[in-house]
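J.: just coords:
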């Protein structure tokens, strides 16, 4: 008897599992069930469709060779039976049947399975906010939503408000700004992308959004949406202000679709997503699940986490395809890797953040290393700020975050690879990374960060974080802020505070008499390399209360004027 | 007594070792000896100076903050005594003295050391070719050489010949082409960059050079250089042709400067470079060496190799700086990672090539996976060809090569990181790499390649290499070449051979009768994904002599017309 495989969900993991199964088992009977019409679309491309960089949603559903992945494609190429506009209503685990209903005809039927795959995805969260059902209030779940937003723009919408400054919100903010709309963002938490970046890194992104004309309201809650007689949205009311709006996107996160699984009695994890083992099996060994409806194991903590991503869904699909055709393949888990582009900056993170470490009660060391992403003399070099987090006791690499116009993706991927092998932070300094001026510096920022952490661990480098210095400045503490930049640099980017003394690094050894020996000295420069050198020089000369500002002014997220001047 | 440290060589490793030592030991007496005038310059930036992308050689000697790293800089900032234009003539290991002579005054002296560091670098090889001493015949050793070439261009040179199609040769070819010169390259070996890429990958680069107007003569030996009455070069005479030239660059490789070390009786390795242990100590425990004058251990083979690079020199410098001030730091070796840009393509490699594997008698599997470097629907996506080499028995990752306009650097660095941990090839498919359409595909090319190798190892995917198919075509073998692309694609990029049958993949299952069951069938498409799918379909339908062309037409390095047509 042929192996009967039923797959529920036709976006990423589902089609992948079905296709892989077909390639491995030419005789299997494979049925793919999808509640919508569309199959195998690139959901991550929707913001670019809204922006107009991608002309039609067809492009999101095409193979690289330009073939649209529709039901005919799956039938002809893969010999997979596709049931579109079909809802899976119930799983009968005893009889091994899936009960489905056609959304076209209302006809019900039951499909028998030997192996069942749940790839039911996730839906954007719809908060219980009054007015959320007004016209031109969108979520971004589906290419239809993207088409709706694009139509609203074409119809003349001018003032967009995006609720939630997460990944999707930021991508759509850029798309709408490019289409000429005014864009405001409302975020409940104190910083943008609060789930992804630590505050010190998120500030750099927020600054950039401001520079690009996006008004960001952090720490702000939406109370309601107002509409006009025609039922169209006209304003967003928050706990602090009223923002005019004719287009609203609610992008406060997604929630896994687990109803079918829960109703069937399958285990649901604490994250709210379906629990699976390394083989992607649910608590029923004949039912597999993957993609945005399942939770993953974090490779660093060993704990379940919910990080829905298209790349992960594809990996799940392949593992499932193997295992439902007699294979035994495992999925090793995730690292919480995320990357996105927001206007001219790239933002990425992998592993644990400082916030995560605090939550998990892990003692850590941090390096903040801003700098160019390739040889500083190479014309296309672009800046970025890198943050590397290391385990204080074991020296293990814990996480990396990066924000900037520079090549963030490469550093995040190097870190993701290293983290997969339980890397020590110092390993990053020893990797034989590809070096040539158009691509990197002789000492890559990652290697530099690892060296900074090595110096900190050995007590050679003594630093204060931007957050720490800001607190001292605001508290009006008495100390010396030693600026070791050249007069030209100081003139171009002054740091205004009465506590600042400027002695260029090259003169420091001859002008030591200008510095007090009874006060704390905090040194700084543009990127912290000279600040550190100054700290070492002063230590060598017997100054014993010296540290440098981590990351220098390039990593300083606050205004260059201190809040309090003596 | 203060630790007396003497460092010979002022370019990369030397200044790094000296600076690191200073930061760790404020009381050490540190002397830096350099035969030239310049200190701490970015040698890798010289081609960009020739091109004019960098205005002055000063930029190559500046810190990111714009401070020139000259003797005054080292004295004022680092309290390091610099002796420029000073030649170290002899090491007296018994007395622990370095005998030096000032190239300005001729004065001789002896400098005592507790720890000595050799960072004597490498020089470009000057082959014994008649006429190599003519004017406007250059090597590229030093910023002076770059200035000489730039002056020759400014003076009106029009026809450049570059001897050696290695990394430096290619970078300068691009620079000179950009300056408007005609450029020919003469390479003794059968392909360009023979030390870096396998032939199947080198062909893609060679094709691109041709498209950019560079005439490449491979398999060609230079016999002599001709000059005119004024002693200027006028032509390059090879074993096959005469090439007009008023500017010649000889770039056939570099040789480590080991005279001082050899004369002092220090161990020299089989590579011709100085032998050092993991602490970067020579056979004399008080003498360290690093940078382009030493050999490295290859992390995969455990064998010594000679791969001089600025990035490695910097790492050596830090390790040496630690160890000459009482630390115990080790250098783990290299992976032969190389990257460069040649016009619009990026070229990279890491680990072992197919050639290396043959030499080392390692059985291997290969995946050739061309494709876009990010989501294929994203507007900035650019193509590349990736080659992944895996150990046939152990499944370990052995090496990666890549050529193309796409983001080669990221893939090479991911592979370099994975190789540092003894990665299995399949690991590449399981890494949680950063995914978003502007940066990568949901299934990255590296993951795809790992999956292809997994399929090959399991006997699911059966492929023939481009080299293998070319041989069969040329031999006039009888088989079917099944092109499964769409008619539109075939029309745009036809593959002309009488053995070709075109059945688009979507029709294959219904048109099986058109295919012979008694002949070998070789399937192909643009990138090999559909070619592989066709192989699986045919296998499922009982065709048992089927394979697909690895990498499809995008990885096919030969003309699209077969040499022999029936």
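T.: All right, it came through fine. Keep in mind that this is a model prediction, so the values were computed, not measured.

J.: Per-residue pLDDT of the closest residue to residue A:98 other than its chain neighbours, please?
T.: Taking Cβ to Cβ, 6 or more residues apart in numbering or on different chains, and ignoring the residues beside it in sequence, residue A:98 has residue A:111 as its nearest neighbour in space, at 4.9 Å. Just so you know, the C-beta spots here come from the backbone N, C-alpha and C atoms, and that holds for glycine as well. With respect to pLDDT, residue A:111 has a value of 98.

J.: Give the pairing partners of the helix or strand that residue A:111 is a member of; include direction for each.
T.: Applying DSSP states H and E as the criterion places residue A:111 in strand A:108-112. Taking DSSP bridges as the criterion, strand A:108-112 sits next to strand A:97-102 (antiparallel) in its sheet.

J.: From the chain's centroid, how far away is the partner strand?
T.: Distance, stretch centre to chain centre, for strand A:97-102: 36 Å (Cα atoms, centre = their mean, to the nearest Å).

J.: Show the average pLDDT along it.
T.: Per-residue pLDDT values across strand A:97-102 average out to 98.

J.: if we can go back for a sec, list the residues that contact the residue nearest to residue A:98.
T.: Residues in contact with residue A:111 (Cβ atoms under 8 Å, 6 or more residues apart in numbering or on different chains) are A:6, A:31, A:33, A:97-98, A:100.

J.: what residues go with each domain of chain A?
T.: Under the assignment automatic domain parsing, the domains of chain A span A:4-123+A:255-323, A:137-252, A:344-457, A:463-555.

J.: Could you export those domains as TSV, including distance to residue B:181?
T.: As requested, the domains of chain A are exported to TSV (distance: least, Cβ to Cβ, whole Å):
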stretch	distance to residue B:181
domain A:4-123+A:255-323	38
domain A:137-252	41
domain A:344-457	21
domain A:463-555	37
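
J.: give me the low-pLDDT residue ranges for chain A?
T.: Counting by pLDDT under 70, the ranges of chain A that qualify are A:38-40, A:562-566.

J.: Closest to the centroid, which residue in it?
T.: When chain A is reduced to its mean C-alpha position, the nearest residue by Cα atoms, centre = their mean turns out to be residue A:338, at 3.4 Å.

J.: distance of that residue from chain B?
T.: Noted for residue A:338: a distance of 7 Å to chain B, by Cβ to the nearest Cβ, to the nearest Å.

J.: Quick check: beta-bridge partners of that residue?
T.: Assessed by DSSP bridges, residue A:338 has beta-bridge partners residue A:349.

J.: picking that back up, looking at the domains of chain A, which one is packed in the most?
T.: Most buried of the domains of chain A by mean neighbour count (mean count of other Cβ atoms under 10 Å in any protein chain shown) is domain A:344-457; its value is a mean of 23.

J.: does the nearest residue to residue A:201 once chain neighbours are set aside have beta-bridge partners, and which?
T.: Counting by Cβ to Cβ, 6+ apart, residue A:401 is the residue found nearest to residue A:201 once chain neighbours are left out, at 4.8 Å. In this entry, residue A:401 is beta-bridged to residue A:349, residue A:387, by DSSP bridges.

J.: Verify the stated contact: residue A:247 with residue A:154.
T.: No: the pair residue A:247 and residue A:154 does not pass the contact test of Cβ atoms under 8 Å, sitting 11.3 Å apart.

J.: Now residue A:91: which helix or strand?
T.: Applying DSSP H and E, one finds residue A:91 within strand A:86-92.

J.: how much space between residue A:541 and residue B:321?
T.: Separation of residue A:541 from residue B:321 (Cβ to Cβ, to the nearest Å): 20 Å.

J.: nope, residue A:479 is what I meant
T.: Computed with Cβ to Cβ, the distance linking residue A:479 and residue B:321 is 30 Å.

J.: which residues of the stretch 401-550 of chain A fall in strands?
T.: Ranges of strands within the stretch 401-550 of chain A are A:463-464, A:480-483, A:500-502, A:521-524, A:546-549, based on DSSP state E, counting those that start in this stretch.

J.: Pipe the ones you listed into a markdown table and attach distance to residue A:445 per row.
T.: Output for the strands of the stretch 401-550 of chain A, formatted as a markdown table (distance: least, Cβ to Cβ, whole Å):
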| stretch | distance to residue A:445 |
| --- | --- |
| strand A:463-464 | 16 |
| strand A:480-483 | 23 |
| strand A:500-502 | 27 |
| strand A:521-524 | 18 |
| strand A:546-549 | 17 |
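
J.: between those, which gets nearest to residue A:410?
T.: Ranking the strands of the stretch 401-550 of chain A by their distance to residue A:410 (criterion: Cβ to Cβ) puts strand A:463-464 first, at 25.4 Å.

J.: near chain B at all, that closest one?
T.: No: Strand A:463-464 does not reach chain B (Cβ under 8 Å from any Cβ of the partner chain); its nearest approach is 14.2 Å.

J.: How about stretch A:275-283?
T.: No: Stretch A:275-283 lies out of reach of chain B by Cβ under 8 Å from any Cβ, never closer than 11.0 Å.

J.: from the middle of its chain, how far away would that stretch be?
T.: Computed by Cα atoms, centre = their mean, the separation of stretch A:275-283 from the middle of its chain amounts to 25 Å.

J.: what does that stretch rub up against?
T.: Counting by Cβ under 8 Å, 6+ apart, the neighbours of stretch A:275-283 from elsewhere in the structure are A:118, A:261, A:265-269, A:274, A:287-290, A:294-295, A:297, A:304, A:316, A:319-320, A:323, A:328-332.

J.: Show me the helices in the stretch 201-350 of chain A, by range?
T.: When secondary structure is read from DSSP state H, counting those that start in this stretch, the stretch 201-350 of chain A shows helices at A:259-263, A:310-323.

J.: Get me the contact residues on the stretch 451-566 of chain A for chain B.
T.: With the criterion set to Cβ under 8 Å from any Cβ, the stretch 451-566 of chain A comes near chain B through A:451, A:460, A:485-486, A:489, A:505-510, A:525-527, A:529-530, A:533, A:536-537, A:539-541.

J.: and if we set it to 10 Å?
T.: Within the stretch 451-566 of chain A, the residues that sit near chain B (Cβ under 10 Å from any Cβ of the partner chain) are A:451, A:454-455, A:458, A:460-461, A:484-486, A:488-489, A:504-510, A:525-527, A:529-530, A:532-542.

J.: ranges for the strands of the stretch 101-250 of chain A?
T.: Assigned strands in the stretch 101-250 of chain A, in chain order: A:108-112, A:115-118, A:122-124, A:137-138, A:159-163, A:182-186, A:215-217, A:222-227, A:233-238, A:242-244, A:247-250 (criterion: DSSP E, counting those that start in this stretch).
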